[in-house]
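Asker: the sequence isn't on hand, but the structure is:
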């Protein structure tokens with residue numbers, strides 16, 4: 001990382017939670033569990049069946065995903081984040097949170113984790129850092145281990161509003177571009193999902209929004225088909241999730 005990049009990031013990440021995320025100093029357990037109900041749907045089938053699986057959440061932020069894993073019964077959950085404010089919040093969930101640069105932390109962790117999650121991190125890297133990050137994640141996973149990433153979606157009509165809504169975002173991705181990078185570093189079995197309304201199990205309002213979204217989504221696919229001759233992957237929400245695996249034997253998923 002060059003000095004200029006380090007300086008601007010350090011200045012922003014020092015107060016990232018309060019100035020850029022507007023989160024309180026006390027962890028909101030009820031809000032995190034409400035958020036977690038949606039991620040139970042988004043992450044379905046991607047999580048280890050073994051509750052002793054070793055999980056690392058990179059750029060863990062205020063700890064919501066850590067809380068999700070703990071509530072789901074996982075016993076070996078760790079987080080890492082560069083922002084001192086966010087680390088202080090996440091440590092209210094679990095003491096197993098390290099304040100460190102993610103790239104430095106992942107170095108030397110070869111074959112250690114069953115699952116690595118990174119919600120809203122990959123867009124913060126420069127191009128050379130993205131490849132280094134993915135290489136390090138690949139190395140840090142056990143054979144059969146899984147990586148899950150979330151990032152703003154360049155295929156969404158509103159994706160750039162998310163991508164450029166944070167000064168520390170360097171890049172934008174769509175599912176096609178990210179899947180090709182993951183394949184380049186050796187991952188297999190890439191799969192993308194929308195992060196939108198939950199069709200069932202959350203609220204009647206979410207179910208109604210999901211039904212409306214299906215109509216909007218179909219319209220976007222028709223637009224894509226008319227312009228390009230292809231409907232594309234059909235992932236149009238403002239952010240999307242993508243998973244992949246390191247080849248080898250893996251524990252069952254739930």
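Answerer: Perfect, thanks for sending it. This is a predicted model, so every value here is computed, not measured.
Asker: so where do the helices sit in the protein?
Answerer: Taking DSSP state H as the criterion, the chain contains helices spanning 3-13, 29-42, 64-71, 84-90, 102-106, 127-140, 159-163, 175-184, 204-228.
Asker: nearest to residue 238 among those would be which one?
Answerer: Closest of these to residue 238 is helix 159-163, at 5.0 Å (criterion: CB to CB). (Each C-beta comes from the backbone N, C-alpha and C, glycine too.)
Asker: residue ranges with poor pLDDT in the stretch 1-150 of the chain?
Answerer: Along the stretch 1-150 of the chain, the parts satisfying pLDDT under 70 run over 1-6.
Asker: please repeat the previous calculation with a cut-off of 80.
Answerer: Within the stretch 1-150 of the chain, the segments meeting pLDDT under 80 span 1-7, 18-23.
Asker: let me see the confidence value for residue 191.
Answerer: Per-residue pLDDT puts residue 191 at 97.
Asker: so what pairs up with it in the strands?
Answerer: Beta-bridge partners for residue 191, by DSSP bridges, are residue 243.
Asker: contacting residues for the residue positioned nearest the centre of the chain?
Answerer: The chain has residue 119 as the residue nearest its centroid, 2.1 Å off, counting by CA atoms, centre = their mean. Taking CB atoms under 8 Å, 6 or more residues apart in numbering, we find residue 119 in contact with 57, 59, 61, 65, 149-150.
Asker: ok, of those, which one's closest to residue 185?
Answerer: Ranked by distance to residue 185 (CB to CB), those are led by residue 149 at 12.4 Å.
Asker: and the gap between the closest one and residue 106?
Answerer: Distance of residue 149 to residue 106, computed by CB to CB, to the nearest Å: 14 Å.
Asker: can you give me the buried ones in stretch 87-98?
Answerer: 87-94, 97-98 (16 or more other CB atoms under 10 Å).
Asker: out of those residues, which is nearest to residue 27?
Answerer: Residue 27 has its nearest neighbour among the buried residues of stretch 87-98 in residue 92, at 4.0 Å by CB to CB.
Asker: dihedrals phi and psi, the closest residue to that closest one other than its chain neighbours?
Answerer: Nearest residue to residue 92 in three dimensions, chain neighbours excluded: residue 27, at 4.0 Å (CB to CB, 6 or more residues apart in numbering). Per-residue torsions, residue 27: phi -60, psi 130 (degrees, to the nearest 10).
Asker: so residue 27 makes contact with residue 66?
Answerer: No - look at residue 27 against residue 66 with CB atoms under 8 Å: they stay out of range, at 9.9 Å.
Asker: between those two, what contacts are shared?
Answerer: 90, 93.
Asker: when the two are compared, which one has more neighbours?
Answerer: Taking other CB atoms under 10 Å, residue 27 and residue 66 do not tie; residue 66 has more neighbours (27 against 19).
Asker: from residue 81, how far out is that one?
Answerer: Taking CB to CB, one finds residue 66 at 10 Å from residue 81.
Asker: ditto for residue 131
Answerer: To residue 81, residue 131 is 21 Å away according to CB to CB.
Asker: which one's more surrounded, those two?
Answerer: Between residue 131 and residue 81, counted using other CB under 10 Å, residue 81 has the larger neighbour count: 29 against 14.
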